[in-house]
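Enquirer: Output the structure for:
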Amino acid sequence: MARSSRAACLLSACLSLALGCAGYGDPHHAGVHGVVASLTSDGFVVNASGEHHTTIPVTVHADGNTQFFRNDRSAASLLDVVAGIEVEVAGTPSSDGSLLATRVVLDVVRRGEGTIASLDPLSQSFTVHPKHGTDVTVFTSTQTQLFKSAGKGVPPAAATFADLEVGDGVAVAGTLNTDGSLAATQVLDVGKPKVEAEGTVSSLTSDGFVLVKGDEEHAVGSGTTVHTDSSTQFVLEGNQPATLADVTVGSKVKVAGMLNPDGSIQAAGVRVKPAKPAKPVLKGKVQAVGASSFTVEGPHHSSVTVNVTSATTFRVPGHAAAQLSDVVVGRHVEVRGSVNPDGSVTAEDVTVQGGHPDHSEHPGH
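Expert: Numbering: from 1, shown residues only. Reported below is the predicted structural model:
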């Protein structure tokens, strides 16, 4: 009897160590925390957590006085206990090392947040990619309450599975299945995550542009693709209205929008700081004007031919729409563009300065 009693005491001590619980201050009570390994006729066997990452198998008996709860405080029963779930058990230890449970808490209710990675309409399930940890499959049913966020300060609206979209952020509550999936009781779809980005436009696309940050400007294949549509609002510095046409390579932009699953941004608003114009490659007085070019007096009284194309922009102070005909002999111009091997310039931008033409060219003045 002494040996049996000693063994029971040792096992009871092990049970207390397994849970880290001394039995509510009563030496006749103990507790265990672990994973259900198997079911018995009147209870289950739990692999209780021990010291040094060990487990201790403990047989748990239940009777009419045993209370069962889920970890959200909702009532449960012995029928809800299945192999693979975590439980916390409080009860009275028996001489054979088993435990007569007075209270069993099933750790099966889970709450979490993440982004929808995929949808399966056939099984009415979706996969959630959390910020930390592995992806989780979430099953919905006719009992699942689905809601869609309607914005800050507005109560969420009732939704259906069809309202869920890949890339949406979701908050999920449900019951953990033995395979690690979740049977959802509630799902709140908060929409695609909002994002802001700032940088330089490196290239243009059919419906937007590619944005790079300072440390990405010289990296091959870097940058974030920004998509725009008819609802995107564009403004220039000073809150002047703008359009996508005002976004050019080299423009500094600030973007606010929604993050897509592929990492691109669907822009709701774009603030544009136009690219700084290139430095003039030529300044001087116009000597002659032709059908698609003009000549400017360059350094050391040399003559430089300036070629114009359909893409050349002309600027004249006080004129809304300038053109080549506004370039007249005797006026001074600033030309921005590229210098060709033969020394001529292909103009991208021509600014005609104010002033009067030469008297020799216009004797009437």
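
Enquirer: What is the burial count for residue 127?
Expert: By other Cβ atoms under 10 Å, the residues close to residue 127 number 17. (Glycine included, C-beta is placed from N, CA and C.)

Enquirer: so it sits in a strand?
Expert: Yes: per DSSP: H, G, I helix; E, B strand; the rest coil, residue 127 lies within a strand segment.

Enquirer: Stretch 163-179: which residues count as buried?
Expert: For stretch 163-179, the neighbour count (16 or more other Cβ atoms under 10 Å) marks 164, 167, 168, 169, 170, 171, 172, 173, 174, 175, 176 as buried.

Enquirer: Helices - which of those land there?
Expert: Using DSSP state H, the subset of the buried residues of stretch 163-179 located in helices is empty.

Enquirer: Would you mind putting those residues into CSV with pLDDT and distance to residue 235 alongside?
Expert: Shown next, in CSV, are those (pLDDT from 0 to 100; distance: Cβ to Cβ, whole Å):
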residue, pLDDT, distance to residue 235
164, 94, 33
167, 86, 26
168, 89, 28
169, 90, 27
170, 92, 33
171, 93, 34
172, 94, 38
173, 91, 41
174, 91, 44
175, 88, 49
176, 86, 48
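
Enquirer: which one of the residues you listed sits closest to residue 338?
Expert: residue 167 (42.8 Å; Cβ to Cβ).

Enquirer: How about the closest one, nearest residue that isn't a chain neighbour?
Expert: Closest residue in space to residue 167, ignoring its immediate chain neighbours: residue 261 at 4.0 Å, by Cβ to Cβ, 6 or more residues apart in numbering.

Enquirer: what's the answer for residue 332, then?
Expert: Here the residue nearest residue 332, using Cβ to Cβ, 6+ apart, is residue 353, at 4.2 Å.

Enquirer: show me what contacts the one you found?
Expert: The contact partners of residue 353, by Cβ atoms under 8 Å, 6 or more residues apart in numbering, come to 317, 331, 332, 333, 334.

Enquirer: got a winner among these for most neighbours?
Expert: Counting neighbours by other Cβ under 10 Å, residue 333 leads those with 24 neighbours.

Enquirer: what's the helix or strand for that residue?
Expert: strand 332-339 (DSSP states H and E).

Enquirer: how far out from the middle of the chain is that strand?
Expert: 44 Å (Cα atoms, centre = their mean, to the nearest Å).
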